[in-house]
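Q: Let's see this in three dimensions:
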Amino acid sequence: MKASAATSQPASGAAGGRRRRATLSREAIIEAALSVGSSEGGSALTFSRLGKELGADPTAVYRHFRDKDELVLALTNRMVEESVKRVEGVDPARVGWREWLRRVASSVRAVYLERPAVAVLAATRTTATPAETASVERLIAVLHHAGLGVVEAAEIYRGLLDLTLGMTQATAAFALLPAEVQEQDVKAWTVTYAMLPESEFPHVRQSVPRLAELNRDDDAVFELVLDTFLDGVQARIDRLGAAGR
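A: Sure thing, here's the model as predicted:
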């Protein structure tokens, strides 16, 4: 009887494995990767770890993704889709091009910072997926309708994207540092910079209180830089408008 039970048990397990592999989908793998990456960091995104998370053999993951890079592109596309969804009900004709661009940039930043470990991997990638290409088209179109030439609108789109993703990636990377390392950086401003001799560093010393505040508030820095960038875009639009009159 024991021998019979032993032979029947693997058959049941194999059937269970087949069921898991049959139901394992690309979307399930992406969800698992977002979960693992968010909680354990980008280095944990191995197919072996994902197989364990999904209760499947790692080879099942290879059926959907050729390698980790293809998986990272899929995660990037998911972030793009989520960012687009957050602003899809906002009409640039109603709120104005500047406010619309602000909301687009803020939505991208928010989505990426919700998963900082994944953001560090995804922020520099280009997917050329339908979600991304449609987003690029709309951004250029909004800037063109605001008064820029198509090529100049494309340049501004690229600048806005790099500004947003670059600053967001920096914030995400800092968030992943150990707490004691973060505190050391904070003390550099609140202690070390504050004790610099005023005779040699008068402007730094005068600025230290505000710089210390901004060191703890990346969102405030992002808003400041974004406003400055948008001021520049407005100035370009105004110059083109004046030249056309």
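
Q: use CA for all of it now, contacts and neighbours both
A: Fine.

Q: and the helix or strand harbouring residue 134, which residues are buried?
A: Counting by DSSP states H and E, the element that carries residue 134 is helix 130-145. In terms of neighbour count (16 or more other C-alpha atoms under 10 Å), helix 130-145 has its buried residues at 131-132, 135-136, 139-144.

Q: So what touches it?
A: Contact partners of helix 130-145, identified using C-alpha atoms under 8 Å, 6 or more residues apart in numbering, comprise 77, 80-81, 84, 92, 97, 150, 153-154, 156-157.

Q: ok, now with 10 Å
A: 76-85, 92-93, 96-98, 100-101, 104, 126-129, 146, 148-158, 160-161, 233, 237 (C-alpha atoms under 10 Å, 6 or more residues apart in numbering).

Q: Narrow the residues you listed to just the buried residues.
A: Taking 16+ other C-alpha under 10 Å as the criterion, what is buried in the contacts of helix 130-145 is 76-84, 92, 97-98, 100-101, 104, 127, 146, 148-149, 153-154, 156-157, 160-161, 233, 237.

Q: Just the residues you listed: which are in helices?
A: Cross-referencing the buried ones among the contacts of helix 130-145 against helices under DSSP state H gives 76-84, 92, 97-98, 100-101, 104, 153-154, 156-157, 160-161, 233, 237.

Q: Low-confidence ranges, this protein, go.
A: 1-23, 245 (pLDDT under 70).

Q: Next, the residue positioned nearest the centre of it: secondary structure please.
A: In the chain, the residue lying closest to the centroid (C-alpha atoms, centre = their mean) is residue 112, at 2.9 Å. Of the three states, residue 112 takes helix according to DSSP: H, G, I helix; E, B strand; the rest coil.

Q: Tell me the spacing between the nearest residue to it once chain neighbours are set aside and residue 136.
A: Leaving aside its sequence neighbours, residue 112 sits nearest to residue 119 (C-alpha to C-alpha, 6 or more residues apart in numbering; 5.1 Å). For residue 119, the distance to residue 136 (C-alpha to C-alpha, to the nearest Å) stands at 19 Å.
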